[in-house]
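S.K.: Let's see this in three dimensions:
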Amino acid sequence: MESTIITSESQLEIIINRILENNLERLLESQKQKNWKRAKEIVKIFGESSATVNRNIAKMKNDDHFKQYIDKQSGKFQIINLEGYKEFRKFKSEDYKKSL
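M.R.: Model prediction:
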């Protein structure tokens, strides 16, 4: 690893962003193998709008059973277990049918 003298905050920010991007790529690769997806991937898989997916994820976070299916890595980055999301959609559908 080469040594660099950082002379400004913008240089430091660039270096930190590169490190985070590399770590994020490695994390995503390992999580894909474990059936974890980002919200935008769930949008494509289920054909739901991003607003619907984000609303469902917010509801999952507030439910003691379903929050285990969300892995929040940082302030802006979270991954969702695909099987857990499928289970939540089924639960939501059954709950809706009960209310009719």
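S.K.: Low-confidence ranges, this protein, go.
M.R.: Counting by pLDDT under 70, the chain has low-confidence residues at 1-4, 31-34, 73.
S.K.: Longest helix in it, please.
M.R.: Ranked by residue count, the top helix of the chain under DSSP state H comes out as helix 9-33.
S.K.: Run the chain-centre distance for that one.
M.R.: Averaging C-alpha positions (CA atoms, centre = their mean, to the nearest Å) puts helix 9-33 15 Å from its chain's average.
S.K.: how deep is the residue lying closest to residue 77 once chain neighbours are set aside tucked in, by neighbour count?
M.R.: Once flanking residues are discounted, residue 77 sits nearest to residue 24: 6.8 Å by CB to CB, 6 or more residues apart in numbering. To be clear about C-beta, it is placed using only N, CA and C from the backbone, and glycine gets the same treatment. When neighbours are counted by other CB atoms under 10 Å, residue 24 registers 13.
S.K.: Next: residue 36.
M.R.: 22.
S.K.: What does it show for phi and psi?
M.R.: Note on residue 36: backbone dihedrals following degrees, to the nearest 10 are phi -110, psi 140.
S.K.: could you list every residue that touches it?
M.R.: When contacts are counted by CB atoms under 8 Å, 6 or more residues apart in numbering, residue 36 touches 71, 79, 80, 81, 82.
S.K.: Closest one of those residues to residue 11?
M.R.: Residue 11 has its nearest neighbour among these in residue 79, at 30.1 Å by CB to CB.
S.K.: Now that closest one. Nearest residue, chain neighbours left out?
M.R.: Of all residues not flanking residue 79 in the chain, residue 36 sits nearest, at 4.3 Å (CB to CB, 6+ apart).
S.K.: Who does that neighbour form a beta bridge with?
M.R.: Under the criterion DSSP bridges, residue 36 forms beta bridges with residue 81.
S.K.: can you list contacts of the helix or strand containing residue 53?
M.R.: Assigned by DSSP states H and E, residue 53 belongs to helix 50-61. Residues outside helix 50-61 that contact it (CB under 8 Å, 6+ apart): 39-40, 42-43, 46, 48, 66-67, 69-70, 78, 80, 84-85, 88-89, 92.
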